[in-house]
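Engineer: Next comes the sequence, and after it the predicted model I'd like to discuss.
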Amino acid sequence: MTESNHSASSKLVRDVVALGRKYSKTGFPNPNREGCPSRSSLRAMAYRDRHVTLEDLPGSHVVSCSPCFQEYVHFRRLSVLLRGIQITAASLVVLAVVFVTARFVWNHTGRNGEPSLSQKPRARPQPPVATNPPPLPSAPIPITVDLASFSPTRGDDAKGDSGNTVRLPQKSLRVNFLLPLGMEPGEYAVRLKDSTGTVVAEKLAVGQMNDGITSVEVDIDLAGASRGSFTLMIRPPGLSWRRFPVVVE
């Protein structure tokens with residue numbers, strides 16, 4: 001098939017498609033398939049077979065027969081799909097050849113010059129540096145403070161006997177306060193203030209009676225407190241605060 005025939009064939013096919021899209025798809029029914037070409041002719045036309053001459057192409061029939069046109073469109077779609085697969089496969093082959101070539105050049109350069117990545121010695125993992133763990137917080141020191149020697153007082157501003165003073169060490173403490181006589185079991189509020197009136201500790205504790213003496217146990221951290229005079233305040237359930245002098249030393 002000459003070049004002029006091939007160009008004319010391609011132009012005819014394009015004209016067929018353009019005209020068929022507008023009219024031939026459903027405009028020319030031919031249920032009996034009269035005068036229709038063979039499926040091989042339609043396939044050759046759709047696949048642009050170079051061995052088929054211009055005279056062999058059933059172009060004039062296809063544009064006037066809707067069944068043949070639809071069959072031609074079906075073959076043409078298959079041709080385009082097959083062409084795309086072939087192009088993709090060829091691209092993959094080219095990429096594979098480039099990759100293998102680049103890998104060969106890389107390995108060859110590594111053997112003749114610098115060592116390749118696979119030949120470089122691996123750095124040995126360094127053992128972890130031992131670090132000292134942070135010190136665990138020390139447990140509170142349990143102590144017992146007997147407040148029974150303080151005289152009973154009344155009122156918010158009432159204080160115990162000035163001759164008695166509670167002495168506490170400058171540490172983290174778990175203090176068991178033995179309360180003065182007459183204090184009943186229940187929920188107690190415990191507060192510790194420094195000489196400026198700043199609250200250093202404030203706790204709620206349940207007073208429990210044992211052998212006729214009510215006691216409350218609270219944790220008070222005095223490790224960071226300054227030394228000097230403090231005021232211990234204890235409020236019985238439903239009553240006013242009781243105050244006791246304290247010295248942290």
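Structural biologist: Here it is on my side, so go on.

Engineer: Paired strands for the lengthiest strand in the chain, with orientation please.
Structural biologist: The strand spanning the most residues in the chain, taking DSSP state E as the definition, is strand 199-210. If you go by DSSP bridges, strand 199-210 pairs up with strand 186-194 (antiparallel), strand 213-221 (antiparallel).

Engineer: got any ranges where this protein has weak pLDDT?
Structural biologist: 1-10, 12-13, 15-25, 54-56, 110-121, 130, 135-137, 151-163 (pLDDT under 70).

Engineer: can you list the domain ranges for it.
Structural biologist: Per the record, the chain has its domains at 3-86, 141-248, by automatic domain parsing.

Engineer: which outside residues touch the helix or strand hosting residue 42?
Structural biologist: Following DSSP states H and E, one finds residue 42 within helix 39-46. Residues outside helix 39-46 that contact it (C-beta atoms under 8 Å, 6 or more residues apart in numbering): 13, 49, 51-52, 56-59, 62, 68, 71-72, 75-76, 78-79. C-betas here are computed from N, CA, C, even on glycine.

Engineer: Counting neighbours, what do you get for residue 147?
Structural biologist: By other C-beta atoms under 10 Å, 21 other residues sit near residue 147.

Engineer: and what of the one 3 residues further on?
Structural biologist: The number of residues packed around residue 150, counting by other C-beta under 10 Å, is 20.

Engineer: Go ahead and confirm it touches residue 244.
Structural biologist: Yes: between residue 150 and residue 244 there is a contact at 6.0 Å, judged by C-beta atoms under 8 Å.

Engineer: Report the buried residues of the helix or strand following the helix holding residue 42.
Structural biologist: Next in sequence after helix 39-46, counting helices and strands by DSSP H and E, comes helix 59-62. Neighbour-count burial for helix 59-62, counted by 16 or more other C-beta atoms under 10 Å, picks out 59, 61, 62.

Engineer: In the chain, where's the longest helix?
Structural biologist: Identified as the longest helix of the chain according to DSSP state H is helix 66-112.

Engineer: Which secondary structure elements does that helix sit against?
Structural biologist: helix 39-46, helix 59-62 (3 or more C-beta pairs under 8 Å, 6 or more residues apart in numbering; DSSP states H and E).

Engineer: separation between the most centrally placed residue in the chain and residue 209?
Structural biologist: By C-alpha atoms, centre = their mean, the chain has its centre lying nearest to residue 128, at 28.2 Å. Per C-beta to C-beta, to the nearest Å, residue 128 is found 55 Å from residue 209.

Engineer: now the strands paired with strand 199-210 as TSV including mean neighbour count?
Structural biologist: Conversion of the strands paired with strand 199-210 to TSV gives the following (neighbours: other C-beta atoms under 10 Å):
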stretch	mean neighbour count
strand 186-194	18
strand 213-221	18
